[in-house]
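A.B. asks: Sequence and predicted structure are below.
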Amino acid sequence: MSLSIAHLGPTGTYAEAAALTYSQWLTQETGQQSILCSYPSIAQTLEAVANGQASLGVVPIENSLEGSVTMTMDALWRFDNLQIQQALILPIAHALISCASDLALIRAIYSHPQALAQCQGWIDKFLPLAQLVPTNATTEALQHLEQDRTAGAIASQRAAQLYNLPILACPINDYPDNHTRFLVVSLNPSSGGSHTSLAFSVPANIPGALAKLLQIFASRNINLSRIESRPTKRSLGEYLFFIDIEANANDPAIKSAIAELKLHTETLKIFGSYPVLPINSKNQNPTEKDILAQETFE
Ligand SMILES: O=C(O)C(=O)C[C@]1(C(=O)O)C=C[C@@H](O)C=C1
């Protein structure tokens, strides 16, 4: 039986490319076949996994230029039964796609806020007067570009190919070394691996509350690879903390740190331990043929 993998759509998004990469890796490693299902937002992608509509979901979590994808962090906290199975890091090269006969004719640029931010310097230099229009996904506006020749969109070269649209400039990201880390999540217990992710809220907004919790890791010589905060959305100045650890949750030091953390946090969510999928030319760059067997839930 095929597994269903949810991702942000419409077709051609970077999240879809990550889902295809994972799906191909899964088939190579285990023989398991999967079918991709696109959803209109990252929150709806994770909701589909949380309510059992999809077996797995692939969502962006962090970009090397712009940092955290806050929508993913908020949804991970909200649907507390989700477990991370795998992380994968994809190179991101943005293209300006448009049917305009000249760059100077573009009046509006559509894209996901993460992509607009990753190209802000290029836009300021070449299209300083263009209106920036945020969309749910890089590919959301592509189907309208033929009708509006004063519009452009920032998406991947693969998206331009899929929609048969011209590329006016590429790459346009402000720094060439641009990567996004994606997470593969499901309701199953996580598979174990080199990295562990967790998040917590603190019982009181008092001096040293976070320092005390970080000391739990430092005193055990545990290396944290990332720490991020998000508002609790209960009151101004109250935060949740997301932490990535470079170790497996079954390591004795991590087990004892988590046990101590439980005593001092208000809510503690463990998203599990997982490996980081090495990307090579064999499991990167899904082809057009690969996206034939897809369902859309938009
Ligand atoms: O809109 C898309 O194509 C996405 O897959 C989303 C997303 C993101 O949210 O970070 C993924 C990778 C890029 O960094 C830009 C956009």
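C.D. replies: Everything's here; your move.

A.B. asks: give me every residue that touches the residue nearest to residue 107 when sequence neighbours are not counted.
C.D. replies: Leaving aside its chain neighbours, residue 107 sits nearest to residue 150 (4.3 Å; criterion: C-beta to C-beta, 6 or more residues apart in numbering). To be clear about C-beta, it is placed using only N, CA and C from the backbone, and glycine gets the same treatment. Neighbouring residues of residue 150 by C-beta atoms under 8 Å, 6 or more residues apart in numbering: 100, 105-108.

A.B. asks: Show me those that map onto helices.
C.D. replies: If you go by DSSP state H, the contacts of residue 150 have nothing in helices.

A.B. asks: First-to-last residue distance for stretch 44-57?
C.D. replies: Terminal residues of stretch 44-57 are spaced 10 Å apart (C-alpha to C-alpha, to the nearest Å).

A.B. asks: Can you classify residue 211 by secondary structure?
C.D. replies: helix (DSSP: H, G, I helix; E, B strand; the rest coil).

A.B. asks: Let me know how buried it is, in neighbour terms.
C.D. replies: Neighbourhood size, residue 211 [other C-beta atoms under 10 Å]: 9.

A.B. asks: One more: residue 272?
C.D. replies: Around residue 272 there are 22 residues (other C-beta under 10 Å).

A.B. asks: Near the ligand, which residues of the stretch 1-150 of the chain are found?
C.D. replies: Residues of the stretch 1-150 of the chain lying close to the ligand (C-beta under 6 Å from any ligand atom) are 8, 13-15, 60, 63, 69, 92, 112, 114-115, 137-138.

A.B. asks: Keep only those of those residues that are in helices.
C.D. replies: Secondary structure from DSSP H places 14-15, 114-115 of these in helices.

A.B. asks: Contacts only, for the residue nearest in space to the middle of the chain.
C.D. replies: In the chain, the centroid-proximal residue (C-alpha atoms, centre = their mean) is residue 60; its distance is 0.4 Å. Residues near residue 60 by C-beta under 8 Å, 6+ apart: 8, 14-15, 18, 42, 69, 72, 114, 180-182.

A.B. asks: May I ask which two of the residues you listed are separated the most?
C.D. replies: The span of those, defined through C-beta to C-beta, is set by 8 and 181 at 14.7 Å.

A.B. asks: So which of the two has more stuff around it?
C.D. replies: Comparing residue 8 with residue 181 by other C-beta under 10 Å, the one with more neighbours is residue 8, at 30 against 19.

A.B. asks: hang on, that one packs against residue 36?
C.D. replies: No - here residue 8 lies out of contact with residue 36, judged by C-beta atoms under 8 Å, at a distance of 11.0 Å.

A.B. asks: overlap in contacts of the two?
C.D. replies: Residues touching both residue 8 and residue 36 by C-beta under 8 Å, 6+ apart: residue 16.

A.B. asks: picking that back up, and which of the contacts of residue 150 is nearest the ligand?
C.D. replies: Closest approach between the contacts of residue 150 and the ligand, by C-beta to the nearest ligand atom: residue 108, at 17.3 Å.

A.B. asks: Leaving out sequence neighbours, find the closest residue to that closest one.
C.D. replies: In space, not counting the residues next to it along the chain, residue 108 is nearest to residue 131; the distance is 4.5 Å by C-beta to C-beta, 6+ apart.

A.B. asks: How about residue 64?
C.D. replies: residue 179 (4.6 Å).

A.B. asks: and residue 130, how many neighbours does it have?
C.D. replies: 17.

A.B. asks: can you start the count at 48 instead of 1 from here on
C.D. replies: That works, and once the first residue is 48, the last one we named lands at residue 177.

A.B. asks: and residue 321, what does it touch?
C.D. replies: Contacts for residue 321 were tallied using C-beta under 8 Å, 6+ apart; they are 131-134, 230-231, 237-240, 242-244.

A.B. asks: Would you map out the domains in this protein?
C.D. replies: 48-111+133-138+227-236+323-345, 141-224, 239-321 (automatic domain parsing).

A.B. asks: That concludes my questions; thank you for your assistance.
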